[in-house]
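Undergrad: 3D, please:
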Amino acid sequence: MPRHRSKSLQRSPLTRAVLSCLRQVTSPGERVVAAVSGGADSIALALAIAEVAPRLGLSVAIATVDHGLRPGSADEVKRVEAWARQRGLPMVSARVNVEREGGLEAAARRARYAALERLADELDARWIATAHTATDQAETVLLRLSRGAGARGARGVLPRRGRVLRPLLGVTRPEIERFLAERGEAPLVDDPSNQDLARSRNRIRHRVLPELRKAMGQGADRALARFATLARDDEAALAAWANGLGDRREELREVPAAVLRRWLRAQCEALGLSPNESQLQSAAKAVHQSGAREVELGRKVVVRAGERVLVAPVGKQPRGGPVELPLGEARELAWAGLRVELAKVPHARAAGPLELALPLEVALPLSLRPVAPGDRLQGERGTVRVKRLLVDRKVPRAERSKVPVLVDAHGTLLWVVGHRVAASVRAGQGASPGLLVRVTPIMK
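TA: Model (predicted):
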């Protein structure tokens, strides 16, 4: 590796950016793998890391991935190998098969990062550095905003994701070109696909950004990259707020819409779905509207808004936990489609199968929950299994999970709602005064 004067190192925006990034996360003795495709950005990245590594006690290696998507790609890998060898840098490579499901660019990106992870493990490297620049960031921000992204999408390319670092996100392409010229270096590869205007990113790169620079000046790239940084900070703050929320609908209605959407996104992502902004707005609307609401997102996840907001796979009825019944207040069981109220009454008499009269001496608080395995209800001649009771009552299998049971403070079953009352409760009915549990179906 050619030696350069320290003054040159200090003056280069690129080496300063790389030094700042690596100083924050690395420790002496670790190895950094530079992902090099042979283009100008990745060559500059590898050179800069090699220049600053001795200051930080780091070792450097080169990794390249052959996607096999165009003729001559194997020769390009050989060029990178020769370049690394001339500079005394360890080099590894991998060829991947790109599955084209979900778009060629996205599939190639997934394959590339998976290969880089394997190569880094092979080299016993702690970090992987890629050569995304401020200009790449500007393109990404414009592309995502044009597709209706919110603050999450406007974050653009993240400066760090796991072990992957992007030290050049504050460096523009003209700065890359000056860096290489100062060192007598040139790109090894010119990817012709970067000129294909059928690709959205290339239209942004060759048509939109040049016009924006003409109108707003050459600082447009860096300004868009700075906007991505601000969006990232805003997103982190709102997501932290959302992560501290529970699932009570009353609480979720009180937070700003931006926070509610992030709470809903987190619930969906836990189930493997990445909803778009339009879907999140539909789910947020269901939470804010009155009554029990239900909305499907992407045919994979359903959001049910009752007393609690539950997010579950489509076709699976979410089973809620115990819902306590305070005196004089109504509670909604979204999973059961019922509204329940506990009241103190002068004469404890039930007027139908969806009402239960109780003596004042019952052990409070009362709670409603789904039927659990092994639940048994006390009858006149011993106990009966609740599951068997529902079968005997010819309740369809799909509906049994929607039947709640009422339990007292000790967990004793008092009522299989709408089906049977415990013998001890029947014996005490008619007391005056007493309590009355009233259940009504929620009208959608």
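Undergrad: burial count for residue 73?
TA: Residues within reach of residue 73, counting by other Cβ atoms under 10 Å, total 15. Just so you know, the C-beta spots here come from the backbone N, C-alpha and C atoms, and that holds for glycine as well.
Undergrad: Nearest residue to it in space, ignoring adjacent ones along the chain?
TA: residue 66 (5.0 Å; Cβ to Cβ, 6 or more residues apart in numbering).
Undergrad: Check the one you found and give its pLDDT.
TA: Looking at residue 66, its pLDDT is 87.
Undergrad: Tell me who's in contact with it.
TA: Applying Cβ atoms under 8 Å, 6 or more residues apart in numbering, we find residue 66 in contact with 73, 74, 76, 77, 93, 94, 95, 96.
Undergrad: from the middle of its chain, how far away would the helix or strand where the third one lies be?
TA: In this case it means residue 76. Taking DSSP states H and E as the criterion, residue 76 maps to helix 73-86. Distance, stretch centre to chain centre, for helix 73-86: 38 Å (Cα atoms, centre = their mean, to the nearest Å).
Undergrad: buried residues in it?
TA: Neighbour-count burial for helix 73-86, counted by 16 or more other Cβ atoms under 10 Å, picks out 76, 77, 80, 81, 83, 84.
Undergrad: same question, stretch 171-186
TA: Across stretch 171-186, burial judged by 16+ other Cβ under 10 Å covers 171, 172, 173, 175, 176, 179, 180, 183, 185.
Undergrad: Give me the contacts around the following helix or strand past the helix holding residue 76.
TA: Later in the chain than helix 73-86, the nearest helix or strand by DSSP H and E is strand 91-95. Applying Cβ under 8 Å, 6+ apart, the contact partners of strand 91-95 are 61-66, 68, 74, 77, 80-81, 84-85, 115, 118-119, 122-123.
Undergrad: could I get the contacts of residue 66 as TSV with pLDDT?
TA: Output for those, formatted as TSV (pLDDT from 0 to 100):
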residue	pLDDT
73	82
74	87
76	89
77	90
93	92
94	90
95	89
96	84
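Undergrad: ok so, going back, could you tell me which of the buried residues of stretch 171-186 belong to helices?
TA: 173, 175, 176, 179, 180 (DSSP state H).
Undergrad: For the closest residue to the first one other than its chain neighbours, give me its contacts.
TA: Nearest residue to residue 173, sequence neighbours excluded (Cβ to Cβ, 6+ apart): residue 135, at 4.5 Å. Counting by Cβ under 8 Å, 6+ apart, residue 135 touches 172, 173, 209, 221.
Undergrad: Checking the last one next. Helix, strand or coil?
TA: Spelled out, that is residue 221. Here residue 221 takes the helix state, with states given by DSSP: H, G, I helix; E, B strand; the rest coil.
Undergrad: Kindly report the same for residue 303.
TA: At residue 303 the chain is in strand, as set by three-state DSSP.
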